[in-house]
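Q: A predicted structure for the sequence below; I have some questions about it.
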Protein chains: 2
Amino acid sequence: MKKVGEYSKEELVYLQNKLLKRYAEFKNMDLHLDMSRGKPSSEQLDRSNGILTVLNDYKLENGVDARNYGILDGIPEAKRLFSDLLRIPSANIIVGGNSSLNMMYDTIVRFMLFGSLGSTPWCRLPKLKWLCPSPGYDRHFSVTESMGIEMIPVPMTENGPDMDMVEKLTAEDEAVKGSWCVPLYSNPQGICYSDETIERLCSMKTAAPDFRIMWDNAYGVHDIYEKIRLKDVFLTAKEYHNEDRIMYFFSTSKITFPGAGVALMAASEKNVAEIKKHLAVQTIGFDKLNQLRHVKYFKTADGIRAHMADLASRLRPKFDVVLNTLEREIGDSGFATWMKPKGGYFVAVDTLPGCAKATVELAKEAGVVLTPAGATYPYGKDPQDSNIRIAPSYPTIEELTQAMELFCLCVQLAGVNKLLEI
Amino acid sequence: MKKVGEYSKEELVYLQNKLLKRYAEFKNMDLHLDMSRGKPSSEQLDRSNGILTVLNDYKLENGVDARNYGILDGIPEAKRLFSDLLRIPSANIIVGGNSSLNMMYDTIVRFMLFGSLGSTPWCRLPKLKWLCPSPGYDRHFSVTESMGIEMIPVPMTENGPDMDMVEKLTAEDEAVKGSWCVPLYSNPQGICYSDETIERLCSMKTAAPDFRIMWDNAYGVHDIYEKIRLKDVFLTAKEYHNEDRIMYFFSTSKITFPGAGVALMAASEKNVAEIKKHLAVQTIGFDKLNQLRHVKYFKTADGIRAHMADLASRLRPKFDVVLNTLEREIGDSGFATWMKPKGGYFVAVDTLPGCAKATVELAKEAGVVLTPAGATYPYGKDPQDSNIRIAPSYPTIEELTQAMELFCLCVQLAGVNKLLEI
């Protein structure tokens, strides 16, 4: 395949005309496709419909009536189910409402108002900074931004965040209070943190004694091509007596229903005790019936694993379309690069520098809505203007095939336009 | 009935012996009853069991799939249902998760971190104070206490909080940032705010421009003996251009399931816009399926009203037992006084000064757990040590009859013990 740098100006003009012609054809097709968010498809949601009617009883194994008040931190059977699934002791788990994002937000709120394990409430400190491995998840960045915390983008490598940079920043500056992390099948690149990365995150010296890692294991059981398993973050942190550093999050949003799943967090014993103290003021308890629905539907961790294998078999053809179309249309031309995720929900594509916004705009004009360019960086500012997140889960295979052909066309067209500008 | 002040010392000793004898009989009965919280009974919860299986579809009227992501502030049909029920425009309503307490907590958290409508974040202010009509709801007080807000108890009158005191404190001190209010069938006394009280709360001058009233309409449709309807707080506040002052809360915890109901808040347009801005960072959305369950089960506001009439017919005999036993055993003796609530969930009893803790302790030793004495006051400190909250909803009629007889006995015994000490 011909490389970007090998085109003469005349060849670029020729290519531009060819692309424009195909682009005009796409525009005539009057497409209306949305690939902006990582939403499961209706077909995927149908696979969990049994959960809607599974609840024929409401007595918990400990005799508590799940319809009534009581039980702050999750019903015992839900704790055990997730404990088995995630290999985290029940005592370290707090099962919450329907949103792990909400649990993350509340966690940072508590740090702001109350500090952590005796530290000064963060809202009383003159300056707060936060590490944001980028590209990353836009809603993470919105949380820290809303709290007035200065976000520092940290480049992602194929093994996770650039650990030299992470270690340097956390060791030198006590205003650096923590980091976002999506350790498995990262959003959007699908990167899995290496053992070394996890070891360094758990062992590194931090200037802030209450440095916290928001460990969002959003795709913890969301294998597609391979089963990657990470080094155990709590055990590793414990080796270095840094287990209080890890705030772990998980949810069934992309297992059952995004609108009505079950979220949880996990933390050290000291952290769990502190969180429960505050939770007891915030609420009498989360929705126990929905927790019970999930337990009755899946029964065991293996039940969830089988369900995820089924979902993977439906997502895999979609990822195939994305990756095969990229390979076929762009290949090693240099108009874009991407990583092949082994699981998760996204494929991240890097266009030529300065071409992401133009690509998204071109796609939009032809009827395909992508995640806004820049969204994967703190403050929505991609310094290279090159990263685009592809979310293949929602469209049908047919829609996705069309959308990806258009996408690859737009990437090339934006690239050619850029090259001709220079 | 003989009055407290009319007993000679000898008569008190005689009465004490008589009471002690009956108390010993109760202790032999080995009772295990819990009247500590306002929990619905299993029988009451059974009346809502249809909600567990009502969901045979998940498409909203606007075409959105309730299983998936989307819709931040409540599904339209739930907003309309509660709008009809509470006579508040849909546009002013945000339907949330399963806990109105959580919505109240989050509301105060937002004031702490972000201020309100442009005011200074409360966490940056040197001193914060809060009005707490007392006796009141212990979980309200826990929220303000946890934020480090100094709580000022305001005595309750039969028309609501002592408004002379409220007006004076709010007008003079800009550190006074707000007030808790349970305007209808107040917890624990069952007091309903008079039109004048509501008018004064809505019209009063406040030194703090961001003074906020947390209007917890927890018992908004929980009539038992009569249907009391309050003056419309939003319309009244609007007359005085103070509609931004009112933060309104409601939930179905005591309509359907305390563990899995639907909570909502209502506020002025400006407040709703600001809250949604923050909510959009905190979560992608609340549990839409559970909102839909409630809509499908009740269909209309009249559906909820009919359901509440049914629940009232089951709660009324329990309140009868409480009030009749108090009347029969204590009457106008002066050993205790109480108000007769028209609705709500509680009866508040005032023992002789200095006798509430002793009464609760005596009941506990005989196997009946009551709400801890003092719980109805900020910091758990009842200056008179006289207020006890009776929660009749959970026990059966038979249990309640026993428990109330024991309770009245303990009230008298604690009273006699106190009088003999003097």
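A: Nice, thanks for sending it over. Because the structure is a prediction, the values reported are computed rather than measured. Numbers count the residues shown, from 1 in each chain, chains lettered A, B, ... in the order given.
Q: Need the contact partners of the strand or helix carrying A:Ser179.
A: If you go by DSSP states H and E, A:Ser179 is part of strand A:176-181. The contact list for strand A:176-181 (Cβ atoms under 8 Å, 6 or more residues apart in numbering or on different chains) reads A:111, A:122, A:128-133, A:136-137, A:140-141, A:144, A:149, A:152, A:154, A:160-161, A:166, A:169-170, A:193, A:201, A:206-208, A:210-216. C-beta coordinates here come from the backbone N, C-alpha and C atoms, glycine included.
Q: From these, list just the buried residues.
A: A:111, A:122, A:128-133, A:136-137, A:140-141, A:144, A:149, A:152, A:154, A:160-161, A:166, A:169-170, A:193, A:201, A:206, A:208, A:210-216 (16 or more other Cβ atoms under 10 Å in any protein chain shown).
Q: Among those, which are located in helices?
A: A:Phe111, A:His140, A:Phe141, A:Thr144, A:Val166, A:Leu169, A:Thr170, A:Leu201 (DSSP state H).
Q: how about the residue lying closest to A:Val347 once chain neighbours are set aside, what does it touch?
A: In this structure, A:Val347 finds its nearest non-sequential neighbour in A:Ile390, 4.4 Å apart by Cβ to Cβ, 6 or more residues apart in numbering or on different chains. Applying Cβ under 8 Å, 6+ apart to A:Ile390 gives the contacts A:Met35, A:Pro188, A:Val322, A:Phe346, A:Val347, A:Ala348, A:Val349, A:Leu370, A:Met404, A:Phe407.
Q: Need the max-distance pair from those residues.
A: Farthest apart among the contacts of A:Ile390 by Cβ to Cβ are A:Pro188 and A:Met404. That separation is 15.5 Å.
Q: what separates A:Cys202 from chain B, distance-wise?
A: The gap separating A:Cys202 from chain B is 28 Å, by Cβ to the nearest Cβ, to the nearest Å.
Q: Please, which helix or strand holds the residue nearest the centre of chain A?
A: For chain A, the residue nearest the mean C-alpha position is A:Asn187 (3.8 Å; Cα atoms, centre = their mean). Under DSSP H and E, no helix or strand contains A:Asn187.
Q: I figured it was touching A:Gly344, is that so?
A: Yes: using Cβ atoms under 8 Å, A:Asn187 makes contact with A:Gly344 at a distance of 6.8 Å.
Q: hmm, back to that, now do the phi/psi pair for the residue nearest to A:Val347.
A: Taking degrees, to the nearest 10, you get phi -100, psi 130 for the backbone angles of A:Ile390.
Q: Mind pulling the model confidence for it?
A: Listed pLDDT for A:Ile390 reads 96.
Q: just A:Gly38 next, same as before
A: 89.
Q: I'd like to know how far it sits from chain B.
A: Separation of A:Gly38 from chain B (Cβ to the nearest Cβ): 8 Å.
Q: Check A:Arg316 too.
A: 21 Å.
Q: Not counting sequence-adjacent ones, nearest residue to that residue?
A: A:Arg316 sits nearest to A:Ile224 (Cβ to Cβ, 6+ apart), 5.4 Å away.
Q: how about the one you found, what does it touch?
A: A:Ala312, A:Leu315, A:Arg316, A:Phe319, A:Pro341, A:Lys342, A:Gly343, A:Gly344.
Q: could I get these as a markdown table with secondary structure and pLDDT?
A: A markdown table is the format used below for the contacts of A:Ile224 (DSSP: H, G, I helix; E, B strand; the rest coil; pLDDT from 0 to 100):
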| residue | secondary structure | pLDDT |
| --- | --- | --- |
| A:Ala312 | helix | 98 |
| A:Leu315 | helix | 97 |
| A:Arg316 | helix | 98 |
| A:Phe319 | helix | 98 |
| A:Pro341 | coil | 98 |
| A:Lys342 | coil | 97 |
| A:Gly343 | strand | 98 |
| A:Gly344 | coil | 97 |
